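Visitor: how does the following fold in three dimensions:
(one chain, ligands or ions: 1)
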Amino acid sequence: MSTIAWIGLGHMGVPMSKNMVDAGHTVRGVDIVESARAAARANGVDVVGSVAEAVRDADAVFTMLQNGSVVEQVLTGPDGAFMNMPAGSVVVDCSTIGFETARSLADQAREQGVGFVDAPVSGGVEGAEQASLTLMLGGDARDVGIAEPLLKSVGSYIVHVGPSGDGQAMKVVNNAMLGVCMASACEASVLAKRLGLDPRVFYDIVLHSSGDNWAFRKWFPLPGVVESSPSSHGYEPGFMVDLLHKDLYLATTTAEDFDVRLDTAAAAMKLFAEASASGAGQRDCTALVLELDAAGETRS
Ligand code: NAD
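Guide: Below is the predicted model:
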């Protein structure tokens, strides 16, 4: 069994670190928010006061943080993980941060004599709770060889995509489609509502029809139909509007750099940006349906 540092005990970090504890690993957790620390502590995580303390004797350091700048802040500098973890151990970053940031962090890790694997995940909080996440790994064979056995405690489909950054590149492409599907599910649900269609019948028919997709099926945005969807729990996250907006921003800026049209992702990004601007940034991404519904009601 290994000693693991887990930095970032949010919606994903809590269930993922719990699975590490349940697998028998010693897990030292860090978060800046007390409620997050309390939730992890209740699961058997040894919550400590600083990144340096958490990583001091860690075989591997996991990060599950909002975005690239938070990951950089936690890993680099004199108090960061790279400078304080044992030589030869590995950082496994499960956050979604874009491939350029991941490659830069992998270079910095190498300079400090430690390893780095980008390991973004797909499957949401439900996938994290059930240890059924998909993980897309970027990194060299040695580092991935250390990360992969540990990741079997949090995921069920784990693929080494290629060198550093390739896991993030795969994730950005996946989430471009997730964002479009989620926005489309919200728009179509408002239209179905206006047409007077029964939400449950609408849901069941789409699942047997050509409009079916993962976002619609798992995160159906109208309440009371899919028990595990955040829409049935007051639109509490789940996966926040601001995080999906961040992923669509990563996708659209990457597409610009590579001279690729990503017009549907850009349109979805605009909708989530508007939802965020109207105060829904910290709600689950399914809450876009409420914004679209309210906008229509205002117009009519
Ligand atoms: P979250 O905001 O719930 O969790 C992030 C946690 O990091 C918070 O608890 C926050 O307090 C903590 N944190 C922030 N700065 C810190 C610091 N300096 N030191 C220690 N802790 C710090 O986000 P989440 O939903 O858990 O998502 C995390 C990452 O996973 C994001 O990149 C997201 O895009 C990605 N992701 C999320 C989901 C999902 O369904 N929620 C699914 C797949 C991927």
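
Visitor: what's the neighbour count on residue 43?
Guide: 17 (other Cβ atoms under 10 Å). Where C-beta positions appear, they are placed from N, C-alpha and C, glycine not excepted.

Visitor: next, it: phi, psi?
Guide: When read as degrees, to the nearest 10, the backbone of residue 43 gives phi -90, psi 0.

Visitor: which pLDDT value belongs to it?
Guide: Residue 43 is assigned a predicted lDDT (pLDDT) of 98.

Visitor: who's in contact with the residue lying closest to it once chain neighbours are set aside?
Guide: Nearest residue to residue 43, sequence neighbours excluded (Cβ to Cβ, 6 or more residues apart in numbering): residue 18, at 4.0 Å. For residue 18, the contacting residues are 40, 43-45, taking Cβ atoms under 8 Å, 6 or more residues apart in numbering as the criterion.

Visitor: any chance of those in CSV, plus secondary structure and distance to residue 85?
Guide: Formatted as CSV, the entries for the contacts of residue 18 read as follows, by DSSP: H, G, I helix; E, B strand; the rest coil; distance: Cβ to Cβ, whole Å:
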residue, secondary structure, distance to residue 85
40, helix, 20
43, coil, 23
44, coil, 22
45, coil, 18
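
Visitor: so how do I select the buried members of those in PyMOL?
Guide: Remark: buried members of the contacts of residue 18, expressed as a PyMOL selection using 16 or more other Cβ atoms under 10 Å:
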select buried, resi 40+43+45
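
Visitor: now for the contacts of residue 18, which pair is the farthest apart?
Guide: When Cβ to Cβ is used, the two most widely separated members of the contacts of residue 18 are 40 and 44, lying 8.4 Å apart.

Visitor: stretch 70-83 spans what distance, first to last residue?
Guide: The distance separating the two terminal residues of stretch 70-83, taken as Cα to Cα, to the nearest Å, comes to 16 Å.

Visitor: which residues of the stretch 1-150 of the chain score low on pLDDT?
Guide: Of all residues in the stretch 1-150 of the chain, none has pLDDT under 70.

Visitor: quick one: the strands in it?
Guide: In chain order, the stretch 1-150 of the chain shows strands spanning 3-7, 26-30, 46-47, 60-63, 90-93, 115-118, 121-122, 133-138, with DSSP state E, counting those that start in this stretch as the criterion.

Visitor: list just the one of those that sits closest to residue 230.
Guide: With respect to residue 230, and counting by Cβ to Cβ, the nearest of the strands of the stretch 1-150 of the chain is strand 121-122 at 16.3 Å.

Visitor: quick one: residues in contact with the closest one.
Guide: Contacts to strand 121-122, defined as Cβ under 8 Å, 6+ apart, come from residues 12, 94, 127-128, 133-136, 154-155, 171, 174-175, 178.

Visitor: likewise stretch 221-235?
Guide: Residues outside stretch 221-235 that contact it (Cβ under 8 Å, 6+ apart): 126, 182, 185-186, 189, 193, 199-200, 202-203, 217-220, 236-239, 283-284, 286-290.

Visitor: likewise stretch 56-69?
Guide: Residues from elsewhere that reach stretch 56-69, judged by Cβ under 8 Å, 6+ apart: 2-10, 12-13, 16-17, 20, 28, 54-55, 71, 74-75, 81, 84-86, 89-98, 101, 146-147, 150, 243, 246.
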